[in-house]
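**Student:** A structural model of the following input is requested.
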Amino acid sequence: MVLPGLWLLLLLLVGIRWLWGWWKLWNLHLPPLVPGFLHFLQPNLPVYLLGLTRKFGPIYRIRMGLQAVVVLNSNRTIKEALIKKWVDFAGRPPIPYEKLDLDLSLGDYSSTWRTHKKLSRSALMLGMRGSMEPLVEQLTQEFCERMRAQAGTPVDIHKEFSFLTCSIICCLTFGVKDDTLVHTIHNCVQDLMQAWNHWSVQILDIIPFLRFLPNPGLRKLKRFQENRDHIVKQQLKQHKDNLVAGQWNDMIDYMLQGMEQLREDKGAGQIHEGHVHMSVVDLFIGGTETTATTLSWAVAFLLHHPEIQKRLQEELDLKLDPCDPSSQILYKNRMQLPLLMATIAEVLRLRPAVPLALPHRTTRASSIFGYDIPKDTVIIPNIQSANMDEMVWKLPSQFWPDRFLEPGKSPRTLSFGCGARVCLGEPLAQLELFVILAHLLQAFTLLPPPDGTLPSLKPQNYAGVNLLIHPFQVRLQPRNLVPQDQGQNP
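**Tutor:** Okay, the predicted model is just below:
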């Protein structure tokens, strides 16, 4: 008799909670609700969500499991929420398989989070300001030399980019270029991304109570997280043992010393070594595959548009010597290469690495364009949809870098987010994209493999966070050599 009674009590409590939630929403003017429960199973989710705007407008609700989330699909709605009313929308929803109290990217908004963000931004922009560009230049030149040794042979360019971006993060964070360590970190990041994007983990966002059931995918993810944390803890220990006050060689040195200074600030949230640990994790998870994928999309688009590649090389040849890999333009003078900057902007517009950003949560009741948004509502900014907003972009689905060269002020893409939660790694990513593509196009002509197969410009089915490109190969033909496929002179 006791057990049935407990079940009836549980059902009664669930029913009361549901009725209470329904009653609170009764008098609110909410965004329209799209019928259905399986929207998140769509293979190209960002584009699917964009398509719903034709019927429901740029802001609507869809169900994620039993919870309704609000989707923002235009420049105006995203900017109103994340810039104009950023305090209301700066929160993060809980994730059932992560401990988020120390996480910068996924952690909730608080005074401690603001202090953590200040420390991480300072380490990236001040601590590494003088060494960042020379380091990216050096590693990119070494990358080009490796590619020159494989001249004319089809290569999996995404794997090469992924290792390069991981090497850059390793040097900035740990201060050493150790190929063994880079391989270890790179493998760890790949394992984590694959486990995180697996359906058995992703479904927990929709049906959270499934985390209490046996889940091999979740166990694998936790095992990879433990391995990740072990690597970072080793590096933190080494840095603490060798720390010299007032000196730093990398971001960990800077953050460990900055942490002590912030502790003396009574107005700052209290942070400790665990926050430094998670800053390192965020740099690797957020700064390796995202930049490598954007570089891969750039190569794919240029293989489809050889006329733009030719124009880029002509622009580079006016400023750089194609036979001298050491010649360069400093990033501060990047507008001397306007077409390259426009091409980077166009790739970011069409293929943002994180097309649905990371979900936000309202910290208090608010509104967007006349719709009421209750406290603790999950908000999904559809960045890819905003980047294809016909009210902002002419011919939005076409790859057309020249749109950023037209007279007048060009609109800015939202590919790195905006507001309080804008990607902290944007300056580093923009620097990497500029330096790597400039050196690559200065030294090589990008050609398809011998069978002429061009890469697919359609993304892989959307799962997880990143917008992935289908694997493809490219030939890197050195520009100071006669291409083999032109044959010999008669």
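
**Student:** list the buried ones in stretch 255-263?
**Tutor:** By neighbour count on 16 or more other C-beta atoms under 10 Å, the buried set for stretch 255-263 is 255-259, 262. C-beta coordinates here come from the backbone N, C-alpha and C atoms, glycine included.

**Student:** any chance of these in CSV, plus pLDDT?
**Tutor:** Below are those laid out as CSV (pLDDT from 0 to 100):
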residue, pLDDT
255, 92
256, 91
257, 90
258, 88
259, 85
262, 75
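
**Student:** show me where the stretch 351-490 of the chain has its strands.
**Tutor:** 360-361, 366-368, 371-373, 378-381, 444-447, 473-478 (DSSP state E, counting those that start in this stretch).

**Student:** for residue 308, find the nearest of the ones you listed.
**Tutor:** Across the strands of the stretch 351-490 of the chain, residue 308 has its closest neighbour in strand 444-447 (10.8 Å, C-beta to C-beta).

**Student:** what's that closest one packed up against?
**Tutor:** With contacts defined as 3 or more C-beta pairs under 8 Å, 6 or more residues apart in numbering; DSSP states H and E, the packing partners of strand 444-447 are helix 132-148, helix 289-304, helix 306-319, strand 473-478.

**Student:** could you point out the helix or strand that follows the biggest helix by length in the chain?
**Tutor:** Longest helix in the chain, counting residues (DSSP state H): helix 216-241. For helix 216-241, the succeeding helix or strand toward the C-terminus, using DSSP states H and E, is helix 251-263.

**Student:** and that next one, what does it pack onto?
**Tutor:** helix 111-122, helix 157-174, helix 216-241, helix 273-287.

**Student:** quick check: closest non-adjacent residue to residue 337.
**Tutor:** residue 315 (5.8 Å; C-beta to C-beta, 6 or more residues apart in numbering).

**Student:** just the helices in the stretch 1-150 of the chain please.
**Tutor:** Secondary structure of the stretch 1-150 of the chain (DSSP state H, counting those that start in this stretch): helices located at 2-25, 45-51, 53-56, 75-79, 111-122, 132-148.

**Student:** can I get the CA coordinates of the fifth one in CSV?
**Tutor:** Read that as helix 111-122. Extracted in CSV, the C-alpha atoms of helix 111-122 (Å, rounded to 0.1, in the frame of the first residue of the first chain):
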residue,chain,number,x,y,z
SER,A,111,30.4,37.8,-10.0
THR,A,112,32.9,34.9,-10.0
TRP,A,113,32.2,34.2,-13.6
ARG,A,114,33.0,37.9,-14.5
THR,A,115,36.3,37.7,-12.6
HIS,A,116,37.1,34.5,-14.3
LYS,A,117,36.4,36.1,-17.7
LYS,A,118,38.5,39.1,-16.9
LEU,A,119,41.5,36.9,-16.0
SER,A,120,41.2,34.7,-19.1
ARG,A,121,40.8,37.7,-21.4
SER,A,122,43.7,39.5,-19.8
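
**Student:** what's the closest non-adjacent residue to residue 148?
**Tutor:** According to C-beta to C-beta, 6+ apart, the nearest residue to residue 148 is residue 478 (5.9 Å).

**Student:** with residue 225 instead?
**Tutor:** residue 192 (7.1 Å).

**Student:** surely that neighbour touches residue 223?
**Tutor:** No - with contact defined as C-beta atoms under 8 Å, residue 192 does not reach residue 223; the gap is 10.2 Å.

**Student:** give me the more crowded residue out of those two.
**Tutor:** The neighbour count for residue 192 versus residue 223, taken as other C-beta atoms under 10 Å, is higher for residue 192 (20 against 12).

**Student:** quick one: contacts for that one?
**Tutor:** Neighbour list for residue 192: 221, 224-225, 228, 285 [criterion: C-beta atoms under 8 Å, 6 or more residues apart in numbering].

**Student:** again, but for residue 468
**Tutor:** Listed by C-beta under 8 Å, 6+ apart, the contact set of residue 468 reads 293, 459-460.

**Student:** would you turn those into a markdown table with neighbour count, distance to residue 352 and pLDDT?
**Tutor:** Shown next, in a markdown table, are these (neighbours: other C-beta atoms under 10 Å; distance: C-beta to C-beta, whole Å; pLDDT from 0 to 100):
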| residue | neighbour count | distance to residue 352 | pLDDT |
| --- | --- | --- | --- |
| 293 | 23 | 10 | 95 |
| 459 | 20 | 11 | 90 |
| 460 | 15 | 15 | 89 |
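
**Student:** between the residues you listed, which is closest to residue 199?
**Tutor:** Using C-beta to C-beta, the contacts of residue 468 come closest to residue 199 at residue 460, 13.7 Å.

**Student:** from residue 446, how far off is residue 337?
**Tutor:** 17 Å (C-beta to C-beta, to the nearest Å).

**Student:** please apply the same query to residue 257.
**Tutor:** 43 Å.

**Student:** can you tell me the closest non-neighbouring residue to residue 33?
**Tutor:** residue 61 (4.6 Å).

**Student:** go on, residue 470?
**Tutor:** residue 456 (4.5 Å).

**Student:** same deal with residue 80?
**Tutor:** The nearest residue in space to residue 80 (C-beta to C-beta, 6+ apart) is residue 368, at 5.6 Å.

**Student:** got a list of what the one you found touches?
**Tutor:** The contact partners of residue 368, taken as C-beta under 8 Å, 6+ apart, are 31, 59, 70, 72, 77, 80-81, 85.

**Student:** what does residue 87 give?
**Tutor:** 363, 420.

**Student:** where does the residue nearest to residue 225 fall, helix, sheet strand or coil?
**Tutor:** At residue 192, secondary structure determined by DSSP: H, G, I helix; E, B strand; the rest coil is helix.

**Student:** gap between residue 274 and residue 103?
**Tutor:** Residue 274 is 10 Å from residue 103, by C-beta to C-beta.

**Student:** measure the residue lying closest to residue 330 once chain neighbours are set aside to residue 329 for me?
**Tutor:** Leaving aside its sequence neighbours, residue 330 sits nearest to residue 133 (C-beta to C-beta, 6+ apart; 7.0 Å). Note on residue 133: its distance to residue 329, by C-beta to C-beta, is 11 Å.

**Student:** check residue 303 too.
**Tutor:** In terms of C-beta to C-beta, residue 303 sits 24 Å off from residue 329.

**Student:** ok, those two, which is more surrounded?
**Tutor:** Higher neighbour count among residue 303 and residue 329: residue 303, with 20 against 17, using other C-beta under 10 Å.

**Student:** I figured the more buried one hits residue 445, correct?
**Tutor:** No - using C-beta under 8 Å as the test, residue 303 is too far from residue 445 to be in contact (10.6 Å).

**Student:** list residues touching both of these two?
**Tutor:** residue 309.

**Student:** that older thread, export the buried residues of stretch 255-263 to CSV and tack on distance to residue 155?
**Tutor:** Compiled in CSV, the buried residues of stretch 255-263 are given as follows (distance: C-beta to C-beta, whole Å):
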residue, distance to residue 155
255, 36
256, 39
257, 41
258, 40
259, 41
262, 45
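
**Student:** can you pick out the most distant pair from these?
**Tutor:** For these, and using C-beta to C-beta, no pair is farther apart than 256 and 262, which are 11.1 Å apart.

**Student:** got any residues that touch both of those two?
**Tutor:** Common neighbours of residue 256 and residue 262 (C-beta under 8 Å, 6+ apart) do not exist.

**Student:** tell me who's in contact with residue 189.
**Tutor:** 166, 284-285, 288-289 are the contacts of residue 189 under C-beta under 8 Å, 6+ apart.

**Student:** try residue 239
**Tutor:** Residue 239 neighbours (C-beta under 8 Å, 6+ apart): 250, 252-253, 256.
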